[in-house]
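S.K.: Using only what follows, build the 3D model:
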Amino acid sequence: MERIILIETSTALCSTALAEDGRIVSYRESGEARSHASLTAVFIKEMLDESGYEARDCDAVCVSMGPGSYTGLRVGVSTAKGLCFGAGIPLLAAGTLEILARQAIDEGLLPDGCRYVVPMIDARRMEVYTAAFDAGGRQISDTESLVVTGDSFRELKEEGPVLFIGDGAGKCADVIGGQNASFIQCCPKASSMLIPAMREYKEKRFRDVAYFEPFYLKEFVATQSKKKLF
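M.R.: Predicted coordinates:
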């Protein structure tokens, strides 16, 4: 019986879950702005206390590894590493886009006859982090940073209904539009990490706690504040 702590902090939603024996037994989430650093560890402690466990009673920690928010990913990965190091348990990681695809499938969000799921993580302006998945949750294209235009995903739409899901989906609706396109604006949840986390654990795809880094896809670029300090 596997017991795995799940952490998802890649977007505006901060969420954690505790999986036991192939099901979610505890869950926490908050959409409060800039709350990831203050709430992630608190949520995990609450879940463990609620279930009567300590971190060392778990078999692994699985963190959403990106792409997504630079700060959010850093918080999630740092928290996961701390838990793994302190409790002496393995670190697992799941791709954020796969988590969104699983969310669409697990929550029954696919439209009738859906052929493809296209998760979209908001980047900037009309840019998203994205990849295509089939209706079973298998990734069929490379993860990329894409500036969305009216021609984007045309071939997929020609084959049948496509669901676009994620915090970058809403802004693309008018641009992509057309027949066979459905859009759900939402954030990935830790509860949807269950299947990827279980697979990673069974395949023993443990990450190096010391050297593992989030999958940013693009390099972080710091901008200089326009506010005059003096």
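S.K.: So the protein: which segments form each domain?
M.R.: 3-95+189-202, 97-185 (automatic domain parsing).
S.K.: Buried deepest among the ones you listed, which one?
M.R.: Greatest average neighbour count among the domains of the chain goes to domain 3-95+189-202 (a mean of 20), per mean count of other Cβ atoms under 10 Å. C-beta: built from backbone N, CA, C; applies to glycine.
S.K.: would you list the domains of the chain in a markdown table and tack on mean pLDDT?
M.R.: Listed next are the domains of the chain as a markdown table, based on pLDDT from 0 to 100:
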| stretch | mean pLDDT |
| --- | --- |
| domain 3-95+189-202 | 97 |
| domain 97-185 | 96 |
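S.K.: just the helices in the protein please.
M.R.: 36-51, 70-87, 96-106, 154-159, 173-176, 194-202 (DSSP state H).
S.K.: Now render those as CSV, adding distance to residue 142.
M.R.: Shown next, in CSV, are the helices of the chain (distance: least, Cβ to Cβ, whole Å):
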stretch, distance to residue 142
helix 36-51, 28
helix 70-87, 19
helix 96-106, 11
helix 154-159, 14
helix 173-176, 19
helix 194-202, 18
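S.K.: Quick one: closest of these to residue 123.
M.R.: helix 70-87 (11.0 Å; Cβ to Cβ).
S.K.: by contact count, what packs against that closest one?
M.R.: strand 3-8, helix 36-51, strand 60-64, strand 91-94 (3 or more Cβ pairs under 8 Å, 6 or more residues apart in numbering; DSSP states H and E).
S.K.: quick one: the second one to strand 3-8, angle?
M.R.: Relative orientation of helix 36-51 versus strand 3-8 (axes from the mean of the first three to the mean of the last three Cα atoms, to 10 degrees): 150 degrees.
S.K.: Tell me how far helix 36-51 lies from the chain's centre.
M.R.: 18 Å (Cα atoms, centre = their mean, to the nearest Å).
S.K.: do the same with the shortest one
M.R.: Centre-to-centre, strand 91-94 and its host chain are 11 Å apart (Cα atoms, centre = their mean).
S.K.: which residues touch it?
M.R.: Here strand 91-94 makes contact (Cβ atoms under 8 Å, 6 or more residues apart in numbering) with 4, 60-65, 80-81, 84, 193, 196-197, 200-201, 205-209, 212.
S.K.: Which residue would you name as the spatial centre of this protein?
M.R.: Nearest to the geometric centre of the chain sits residue 96, at 3.0 Å (Cα atoms, centre = their mean).
S.K.: Return the distance of the spatially closest residue to that one that is not a sequence neighbour relative to residue 75.
M.R.: Nearest in space to residue 96, with sequence neighbours left out and distances taken as Cβ to Cβ, 6 or more residues apart in numbering, is residue 10 at 4.5 Å. Distance, residue 10 to residue 75, by Cβ to Cβ, to the nearest Å: 10 Å.
S.K.: Check residue 4 too.
M.R.: 19 Å.
S.K.: One more: residue 216?
M.R.: Distance from residue 216 to residue 75, by Cβ to Cβ: 14 Å.
S.K.: For residue 116, which of the helices of the chain is the nearest?
M.R.: helix 154-159 (5.0 Å).
S.K.: now the closest one: how far from the chain's centre is it?
M.R.: That offset, for helix 154-159, works out to 25 Å (Cα atoms, centre = their mean).
S.K.: Would you confirm that residue 132 contacts residue 140?
M.R.: Yes. The pair residue 132 / residue 140 is scored as a contact, 5.2 Å apart, by Cβ atoms under 8 Å.
S.K.: Between the two, which contacts overlap?
M.R.: residue 116.
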